[in-house]
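# turn this into a structure:
(chains A and B)
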Amino acid sequence: MAMKFSKKNFTDRTKENISDDFMRQAVASAQERLHGRRLDAAEELGSWEEWRSHGEEIRQHVLENLDFYLHQLSENVAERGGHVFFAKTAEEASDYVRDVIKKKDGKKVVKSKSMVTEEINLNAVLEEAGCEVIETDLGEYILQVDDHDPPSHIVAPALHKNREQIREVFEKKLDYHKTSKPEELALHAREKLRQEFLDADIGITGCNFAIAETGSISLVTNEGNARLVSALPKTQITVMGMERVVPSFEEFEVLVSLLTRSAVGQKLTSYVTALTGTRDEGDVDGPEEFHLVIVDNGRSEILGTEFQSVLQCIRCAACVNVCPVYRHIGGHSYGSIYSGPIGAVLSPLLGGYDDFKELPFASTLCGACTDACPVKIPLHELLHTHRRIIVEEEGRSPISERLAMKAFGIGAASNPLYSMGSKVASTAMKPLTKNDRISKGPGPLKDWTDLREFPAVGNTRFRDWFYDQKGGK
Amino acid sequence: MKVSLFITCLVDMFYADAGKDMVEVLERQGCELSFPKGQVCCGQPAYNSGYVENSKSAMKNMIKTFENAEYVVTPSGSCATMFKLYPDVFKDDLNWLPRAQELADKTYEFTQFLVNVLQVENVGAKLTGKATYHPSCHMTRLLGASEEPKKLLNQVEGLEMIPLPNAHNCCGFGGTFSVKMGDISEQMVDEKVNSAIVTEADYLIGADCGCLMNIGGRAERVGKPIRVMHIAQVLNSNE
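Alright, predicted model coming up:
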């Protein structure tokens, strides 16, 4: 799946998803659960704000010295017998992976969860080349089985589905005949997947963080599937975004602590794995061949811009889990595999404004995302920066809006003009006013009164009352 | 103490009563009030929509208008936040930056001013009934005024405060968002109204007229029985 997965426009996608009651119920309850757990986990750790600052500092330091750490990482991976490939574009990355598999004559690929492989459209490229690709993260597996339904959340990709819907998918596609109990569903998937692990020639993983000092890659999961992906197949390919590197295990520990608490409210996930190089002599498992694909795909162009801080992201989805807009429209409305506030900032940067220019406006700038971010990305400020660029530099806003804002700039800077305007408005609205309310507004007011009552302009403005009562001080 | 009122366009035009209540509360605390005439709008509608350049003239007008003020006090967390952002807007303009900074430093949202500057929590208000409080986003998260309104409301005689479920979620106002993204805004405000109704409160109290206009306007439209009040109205109640 490429980053953009929908041809419909934003308004249509949103309308469609808003009318999906199942999805909205599933999202709202997941948000409440994850939000509560995150707060508890932060509280339990203590000094949360200091941890956040520390996390921010680490991420900023890495971004400022990214060339150094990537070089160090690649040297150390090579020293431990791995191959490193720097991919400038999505195509370069997925083509490289395909070619490695071809060379190994690989047929069956098992994958653990990875957003960047979605971004580079890897599964489609591999399938076209004749490989069988199996997602082994339960959420991703459900989506894959359900005719490649797109992920709606960066951590819990099938969050938009409730268990009954999952049961239906399993029944239809996997010959499942039991109940919608999560344990039974998971057991069925597990049985199906176990054989796939044993049969696979190639394992593909993402990478939560790569550790430059040792040349290790790390995988943070609750299901343990990433361990099987990296332990059983003879060839392992790990794909990572170029920003996902940390200097050493010391910083890794801080970020993992922030990640698991922010993502799922756990002190640690069930499995935190760090893998270094290929199988050593005497090892009972691990790959004989290891490739690390480091993906740029637009990231280096973000470096050094006012959007650089978005690269601090550790993909925890805490911002998604508190977003009141995401809550009602769900992940699919964003039209990008990266949804929620982080998606609304990142998707236009990686995918361009042509496809994603609405996303920065799909926010009230309420700041819940910024507050939740464990590495202090000022997400709502970045959304605002997008808006400024879209209207001022790109000139992509409607002309009516531009004229209105120009008029605002003049009217709101002059008291005489404002006074005249507010009096005219008061008179003009009188005929529309009933019981101090306007229920059917004209022109631009209509969009408001379609949904809500609008208050009538008072007979006496505050300023008139004040001058009258207190004298014009 | 000399206080210059920054009344905001919404209060000036639509919610003059909330402004009058703020005046009476502040006067009872011994403040000497003035209303600098030149004030219009803080520039937020254009600024938040991305029209930063178009908003600067409004901002400069406000900076000039309040240049001689000792304290600037406003009945809106969101508009106070906009003033606090002025230094960032003018960060590359050495002429306006210090003036913007001065305004930002002396600006207070109404409840912040009462609690943190005047050091008052009990203003002697009485209001009988149950109420719930909607913490508006800019005021709570960006301005950092989360405890002040609660401290003041807890001292209102006869008022029983009931927590609002999912209070942290935005009401869906967001300035131009409320009309540009009406479909989404509708869902957000409906959830907010319903959360307030669940509390069985008589009043939904807030400190930002934008949010109150949104929540109150929707509650009326769908016929939900809850009275929406600005916190200044509550603090000036004596019933």
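# where does the prediction get shaky in the stretch 351-473 of chain A?
The stretch 351-473 of chain A contains residues with pLDDT under 70 at A:472-473.
# which residues in it form helices?
A:353-356, A:368-372, A:379-388, A:399-411, A:415-429, A:445-449, A:462-470 (DSSP state H, counting those that start in this stretch).
# among those, which is the most enclosed?
With neighbours taken as mean count of other Cβ atoms under 10 Å in any protein chain shown, those reach their highest mean count in helix A:368-372, at a mean of 24. Heads up, the C-betas are built off the backbone N, CA and C, glycines and all.
# okay, now the domains of chain B?
Here the domain parsing of chain B from automatic domain parsing is B:2-116, B:121-235.
# would CSV of those domains with distance to chain A, mean pLDDT and mean neighbour count be doable?
Shown next, in CSV, are these (distance: least, Cβ to the nearest Cβ, whole Å; pLDDT from 0 to 100; neighbours: other Cβ atoms under 10 Å in any protein chain shown):
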stretch, distance to chain A, mean pLDDT, mean neighbour count
domain B:2-116, 3, 97, 21
domain B:121-235, 3, 97, 21
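# those domains: which one's closest to residue A:436?
The closest of the domains of chain B to residue A:436 is domain B:2-116. By Cβ to Cβ, the value is 9.7 Å.
# helix or strand next in line after the longest strand along chain B, which one?
Scanning chain B for the longest strand, with DSSP state E as the assignment, gives strand B:126-133. Proceeding N to C from strand B:126-133, the next assigned helix or strand is helix B:137, under DSSP states H and E.
# not counting its own residues, what contacts stretch B:83-101?
With contact meaning Cβ atoms under 8 Å, 6 or more residues apart in numbering or on different chains, stretch B:83-101 is reached by B:6, B:42, B:47, B:52, B:55-56, B:59-60, B:62-63, B:67, B:72, B:74, B:103-104, B:107, B:142-143.
# who touches the most centrally placed residue in chain B in this structure?
Centroid-nearest residue in chain B: residue B:76, 1.9 Å away (criterion: Cα atoms, centre = their mean). Residue B:76 makes contact with B:8, B:10-11, B:109, B:139, B:207-210, according to Cβ under 8 Å, 6+ apart.
# three-state assignment of the residue most central in space within chain A?
Closest to where the C-alpha atoms of chain A average out (Cα atoms, centre = their mean) is residue A:338, at 3.8 Å. Three-state assignment for residue A:338 (DSSP: H, G, I helix; E, B strand; the rest coil): coil.
# longest helix in chain B, please.
Criterion DSSP state H: the longest helix present in chain B is helix B:182-198.
# so how far is that helix from its chain's centroid?
With Cα atoms, centre = their mean, to the nearest Å as the basis, helix B:182-198 stands 20 Å off its chain's centre.
# do stretch A:323-330 as well
Using Cα atoms, centre = their mean, the offset of stretch A:323-330 from its chain centre is 13 Å.
# likewise for stretch B:119-139?
12 Å.
# from residue A:290, how far out is residue A:235?
Separation of residue A:235 from residue A:290 (Cβ to Cβ, to the nearest Å) stands at 8 Å.
# nearest to chain B: which residue in the stretch 201-350 of chain A?
Residue nearest to chain B within the stretch 201-350 of chain A: residue A:328 (3.9 Å; Cβ to the nearest Cβ).
# which SS class is the closest residue to residue B:155 other than its chain neighbours?
Nearest non-adjacent residue to residue B:155, counting by Cβ to Cβ, 6 or more residues apart in numbering or on different chains: residue B:122, 4.0 Å away. Classification of residue B:122 by three-state DSSP places it in coil.
# surely residue B:122 and residue B:154 touch.
No: taking contacts as Cβ atoms under 8 Å, residue B:122 lies outside contact range of residue B:154: 9.1 Å.
# quick revisit: the inter-axis angle of the longest strand of chain B versus helix B:182-198?
For strand B:126-133 against helix B:182-198, the angle by axes from the mean of the first three to the mean of the last three Cα atoms, to 10 degrees is 130 degrees.
# identify all contacting residues around strand B:126-133.
Residues contacting strand B:126-133 (Cβ under 8 Å, 6+ apart): B:149-150, B:153, B:156-164, B:167, B:196, B:199-206, B:229, B:234, B:237-239.
# what about the strands in chain B?
Counting by DSSP E, the strands of chain B are B:2-5, B:32-34, B:71-74, B:107-109, B:126-133, B:157-161, B:203-206, B:227-230.
# mind giving me JSON lines with the domains of chain B and columns for distance to residue A:378?
Compiled in JSON lines, the domains of chain B are given as follows (distance: least, Cβ to Cβ, whole Å):
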{"stretch": "domain B:2-116", "distance to residue A:378": "11"}
{"stretch": "domain B:121-235", "distance to residue A:378": "11"}
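# give me the element residue A:207 is part of.
Residue A:207 belongs to no helix or strand, assigned by DSSP H and E.
# which residue packs closest to it, ignoring adjacent ones?
residue A:240 (3.7 Å).
# got the contact list for residue B:171?
B:134, B:136, B:188-189, B:192, B:211, B:214-215.
# need the phi and psi values for it.
Reported as degrees, to the nearest 10, the phi and psi values for residue B:171 are phi -80, psi -10.
# and the gap between it and residue A:131?
For residue B:171, the distance to residue A:131 equals 49 Å [Cβ to Cβ].
# residue A:201 too?
Separation of residue A:201 from residue A:131 (Cβ to Cβ) stands at 9 Å.
# repeat for residue A:209
Per Cβ to Cβ, residue A:209 is found 27 Å from residue A:131.
# settle it for me: which of the two has more neighbours?
Using other Cβ atoms under 10 Å in any protein chain shown as the criterion, residue A:209 and residue A:131 rank with residue A:209 on top: 23 against 20.
# quickly list what the more buried one is bridged to.
Beta-bridge pairing for residue A:209 (DSSP bridges): residue A:218.
# which residues touch it?
By Cβ under 8 Å, 6+ apart, the contact set of residue A:209 is A:217-218, A:244-246, A:252, A:255-256, A:314.
# narrow these to those in helices?
Residues of the contacts of residue A:209 located in helices (DSSP H): A:252, A:255-256.
# buried subset of those as a ChimeraX selection?
Of the ones in helices among the contacts of residue A:209, the buried ones go into a single ChimeraX selection, burial set by 16 or more other Cβ atoms under 10 Å in any protein chain shown:
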select /A:252,255,256
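# surely residue A:117 is within a helix?
Yes: assessed by three-state DSSP, residue A:117 belongs to a helix.
# name the single longest helix found in chain A.
helix A:21-45.
# so the residue of the stretch 201-350 of chain A closest to chain B touches residue A:25, yeah?
No: if you go by Cβ under 8 Å, residue A:328 and residue A:25 don't touch, sitting 11.3 Å apart.
# neighbour-wise, which of those two wins?
Between residue A:328 and residue A:25, counted using other Cβ under 10 Å, the more crowded position is residue A:328 (25 against 11).
# what helices and strands are in contact with the helix or strand harbouring that one?
Residue A:328 belongs to helix A:324-329 when elements are defined using DSSP H and E. Contacting helix A:324-329 under the criterion 3 or more Cβ pairs under 8 Å, 6 or more residues apart in numbering or on different chains; DSSP states H and E are the following elements: helix A:10-18, helix A:21-45, helix B:182-198.
# could you dump those to a markdown table with distance to residue A:371?
Below are the helices and strands packed on helix A:324-329 laid out as a markdown table (distance: least, Cβ to Cβ, whole Å):
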| stretch | distance to residue A:371 |
| --- | --- |
| helix A:10-18 | 24 |
| helix A:21-45 | 11 |
| helix B:182-198 | 17 |
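# between these, which gets nearest to residue A:122?
Among the helices and strands packed on helix A:324-329, the nearest to residue A:122 by Cβ to Cβ is helix A:10-18 (23.9 Å).
# list the buried residues in the closest one.
A:10, A:13-14, A:16-18.
# can you report phi and psi for the residue of chain B positioned farthest from its centre?
Distance from the C-alpha centroid of chain B peaks at residue B:94, with 29.8 Å (Cα atoms, centre = their mean). The phi/psi pair for residue B:94 (degrees, to the nearest 10) reads phi -60, psi -20.
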